[in-house]
Structure formats: C-alpha cells, structure tokens
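Enquirer: Coordinates only, no sequence provided:
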C-alpha cells in the first residue's frame, strides 16, 4: 500500500467526530447549495475519494434535519450545485450554537413565564409554588426547540403536548437561575420584559423561601394577577382582597442587535405571497410580496422602532385596537432591505422554508416572469405549500 493511501486510511480510522452545526455558518457566508454530503474524513485533497457518511438531497429545505443529525459530529462538508455541478467544501470541528441574542429575540416572541400556585397542605402556608418558563411550538419545529435547548447547554426538558405540539419547559432552580443570567445580560424588549421582571421578583421570593409563609403567598398572588391577567377561581376565592402589584413598563425599546431581530422574526414574522384579481394584468392576476410582524398594541413603540431599524415599512393598528402590524409591501424595500437582511442574519426553523420560498418568488418578480402564465403557475405552486399549509 502506498504511503498516501496508507495515510488516508489511517485518517479515516482515527478521525473523531466532534460537535458541529455548520449549516448556519454557511448560510451567513452565502454557501448554501442544493445538496449536501457529509464525508468521514478531514482531508479536503481526497474529498472525492471517500464514500459519504450521509447525503441530503436539498440542503436548504432539510437544514434543520441536517443540524439535528450532525450534533456532536464534524468532518468534510461538501455542497453540490445541481445546476452546474460545482461543489464547495468546508472542514469544521468547532462547537456551533445559536447566538444568545437570537434566542432572546425568539423568547420575546414565543416565551412564557408562569407562576403555578396550587393548594397543598404539605406546605406550611398551605400552597405550593412552581415557577417555570416555557416555549410551545408545533411539531414541525421540534428540531428548532432542540436546537435552542442545545444552545443553552440543555436547560430544561422537551415534552410532547397532544398530537401536534411540543413544549420546552424550564422549572428547576438551577436551570431557571441560568436562564435569568442570560436574560439579564441580553434584555427582552417587548412588553414581555414586564412579565419577566415580575417573574424574577417572584423567583427571588421563592429562593428566599418567602413562599412558605401566608404573607409571601399573598404577595405572589398579587404578582400572578398582573402576570397572567386572570386568576384561577380557586385563587380568587382564597384571596379575594389581594390587589395586583404595579406592572413595570418598559420604555425606550431599542433593537440592540440584528440577531435579536432574526430570532424575533423566526417567532413572530410572516412572509406572504399575495395573489389578487386584476383587470390591468394580462393574466388577470397581480402578484405581490408582504413581510409582516404582528404584536399587541402595547408594543406600538417597538413596531415603530422596526421602521427606523430596517429603514422601510409602516405600522397599522387593527380595527379592534388590540394589536397592530409592522408591514413591508413595497417590492424594492423587500428586495433591497428585507431579503438581504435575513440572508445575512438567517431565520431558523420551519419559517426559514417560507423565507426561502419568499425569495424564490422575489426572483420571479425581478425578471417580470410573474406577468407570464408560466411564471404565475410557478408562483401559485410555491404559495400552495407555504406557511400554515406546509407539511
């Protein structure tokens, strides 16, 4: 056996897989190709001479599966462009995880702080307190939940809720302390910050064992009243005279990092393709794109900050005045500002597939192919598999 072949064989035998989540890095570098092979070697010069360990037909639509499958692994990653046959590769053995600011943005959208008070005579005050934090997502985003949990060093537990949902919940003292350290470093900036401040106050009482006294329980009921807006009947009956505490209000909401916005949009954003009948178009229909983020009316200041931060869009309060929408519908803004921003700071989760489809339709519109029957049919097909109808 020649020396070169012997060395190659030895590398294959001795190579140790480590942790890598390389697709996100490649997205930021603009190196996402149509298909992906993971090879069991760190030698790029012999890239084509090894049998792949795994092959993914579409590195764009399967990116969450790629991330999940390749936790604690590394090697040579080869991307093949199916249109021209060109390939790119990357050797990586570093630890990759979601940026903490991304996770905080996602929590601003989907996170929930809870104080559960239940009657329990085993406790001196007659009540048991269980503070917890949770995120619940559709089963399609289970891998995203796992990715977030992994990025936070496996805090909490993920459990199935019914047939369609999964929940990541943190309830142990140790894990909640770790979460609070992160949220104190990277602040929430929606009105959820107020719930967090009340939750943290209650958690400090919990650590100081104030929940073991009846006076402490009354204070916790007062906090819970404002956090959850409505007390369970059992607590209303037991503590009829307790008044809610003053709710802290966040002011001067500032979007402090693009990663926060990527996380927040991954939770709350919506990329839409709109098709409307039109007598002025030869094909009888008009196609347009719309990017939207919806929030409670209390967050109107933050919605206006989005206009400043992204340099486009407008805010529209809904008729019932309970919520409002940040909207970008001008195609030049979508093409020159929204799409480039989220290519640089990627969406993560199933919504990334909607963004990918959104970009495909933008390309069709840029070439005016949306004005042709063929292009319009392509757009209809893409739209038919997006957002809530995506399987």
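Expert: Cool, got the structure. Here the structure is a predicted model, which means the values were calculated and not measured. Residues are numbered from 1 along each chain as shown.
Enquirer: distance between stretch 376-391 and the chain's centre?
Expert: Centroid separation between stretch 376-391 and its chain, computed with Cα atoms, centre = their mean, to the nearest Å, is 22 Å.
Enquirer: what does it contact?
Expert: 140, 270-273, 275, 283, 285, 287, 350, 353-354, 357-358, 360-361, 364, 369-370 (Cβ atoms under 8 Å, 6 or more residues apart in numbering). For glycine as for every other residue, the C-beta is placed from the backbone atoms N, C-alpha and C.
Enquirer: Could you check how far the particular helix or strand that has residue 133 in it is from the centre of its chain?
Expert: Assigned by DSSP states H and E, residue 133 belongs to strand 127-138. Here strand 127-138 is found 19 Å from its chain centre; the criterion is Cα atoms, centre = their mean.
Enquirer: Repeat that for stretch 204-222.
Expert: Distance, centroid of stretch 204-222 to centroid of chain: 34 Å (Cα atoms, centre = their mean).
Enquirer: Go through it and flag the buried ones.
Expert: Buried positions in stretch 204-222, judged by neighbour count with 16 or more other Cβ atoms under 10 Å: 205, 206, 210, 211, 212, 216, 217, 218, 219, 220, 221, 222.
Enquirer: out of the contacts of stretch 376-391, which are buried?
Expert: 140, 270-273, 287, 350, 353-354, 357-358, 361, 364, 370.
Enquirer: Can you tell me which of the contacts of stretch 376-391 end up in strands?
Expert: Judged by DSSP state E, the contacts of stretch 376-391 include 270, 271, 272, 273, 275, 285, 287 as members of strands.
Enquirer: Just the buried residues of stretch 339-346, please?
Expert: Buried residues in stretch 339-346, counting neighbours by 16+ other Cβ under 10 Å, are found at 339, 341, 342, 345, 346.
Enquirer: For those residues, give me TSV that also has secondary structure, distance to residue 250 and pLDDT.
Expert: Converted to TSV, the buried residues of stretch 339-346 look like this (DSSP: H, G, I helix; E, B strand; the rest coil; distance: Cβ to Cβ, whole Å; pLDDT from 0 to 100):
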residue	secondary structure	distance to residue 250	pLDDT
339	helix	30	95
341	helix	24	95
342	helix	25	94
345	coil	23	93
346	coil	27	92
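Enquirer: could those residues go into JSON lines alongside distance to residue 256?
Expert: Output for those, formatted as JSON lines (distance: Cβ to Cβ, whole Å):
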{"residue": "339", "distance to residue 256": "23"}
{"residue": "341", "distance to residue 256": "16"}
{"residue": "342", "distance to residue 256": "18"}
{"residue": "345", "distance to residue 256": "13"}
{"residue": "346", "distance to residue 256": "19"}
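Enquirer: Closest one of the residues you listed to residue 125?
Expert: Residue 125 has its nearest neighbour among the buried residues of stretch 339-346 in residue 345, at 47.3 Å by Cβ to Cβ.
Enquirer: got the contact list for that closest one?
Expert: Residue 345 neighbours (Cβ under 8 Å, 6+ apart): 28, 258, 259, 261, 262.
Enquirer: farthest pair in those?
Expert: 28 and 261 (14.7 Å).
Enquirer: Comparing the two, which residue is more hemmed in?
Expert: Higher neighbour count among residue 28 and residue 261: residue 261, with 23 against 13, using other Cβ atoms under 10 Å.
Enquirer: can you pull out the helices in the stretch 101-250 of the chain?
Expert: For the stretch 101-250 of the chain, applying DSSP state H, counting those that start in this stretch gives helices covering 142-151, 173-185, 192-207, 214-228, 233-238.
Enquirer: Do I have it right that residue 129 meets residue 211?
Expert: Yes - when contacts are counted by Cβ atoms under 8 Å, residue 129 is listed as touching residue 211 (4.3 Å).
Enquirer: quick one: low-confidence ranges for this protein?
Expert: Counting by pLDDT under 70, the low-confidence segments of the chain come to 1-57, 59-95, 228-230, 387, 389-391.
Enquirer: domain assignment for it?
Expert: Domains of the chain are assigned by automatic domain parsing as 16-92, 100-238, 258-389.
Enquirer: Switch the buried ones among the contacts of stretch 376-391 over to a markdown table; also include distance to residue 240.
Expert: Below are these laid out as a markdown table (distance: Cβ to Cβ, whole Å):
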| residue | distance to residue 240 |
| --- | --- |
| 140 | 44 |
| 270 | 42 |
| 271 | 48 |
| 272 | 47 |
| 273 | 52 |
| 287 | 58 |
| 350 | 45 |
| 353 | 50 |
| 354 | 48 |
| 357 | 53 |
| 358 | 52 |
| 361 | 57 |
| 364 | 62 |
| 370 | 62 |
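Enquirer: what's the closest of these to residue 188?
Expert: Taking Cβ to Cβ as the measure, residue 270 is the one of the buried ones among the contacts of stretch 376-391 closest to residue 188, at 21.0 Å.
Enquirer: what sits against the closest residue to the closest one other than its chain neighbours?
Expert: Closest residue to residue 270 apart from its sequence neighbours, by Cβ to Cβ, 6 or more residues apart in numbering: residue 292 at 4.8 Å. Neighbouring residues of residue 292 by Cβ under 8 Å, 6+ apart: 269, 270, 272, 325, 326, 327, 328.
Enquirer: Am I right that residue 292 is in a strand?
Expert: Yes - Residue 292 sits within a strand when classified using DSSP: H, G, I helix; E, B strand; the rest coil.
Enquirer: in the sheet, who's paired with it?
Expert: On the basis of DSSP bridges, residue 292 is bridged to residue 270, residue 327.
Enquirer: Distance check, it against residue 265.
Expert: 10 Å (Cβ to Cβ, to the nearest Å).
Enquirer: And residue 333, by the same measure?
Expert: 15 Å.
Enquirer: Look at the two and report which has more neighbours.
Expert: residue 265 (26 against 17).
Enquirer: Test my guess that that one contacts residue 293.
Expert: Yes - contact criterion Cβ under 8 Å: residue 265 and residue 293 qualify, at 6.6 Å.
Enquirer: I'd like the domains of the chain laid out as CSV, including distance to residue 244.
Expert: Formatted as CSV, those follow (distance: least, Cβ to Cβ, whole Å):
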stretch, distance to residue 244
domain 16-92, 41
domain 100-238, 4
domain 258-389, 16
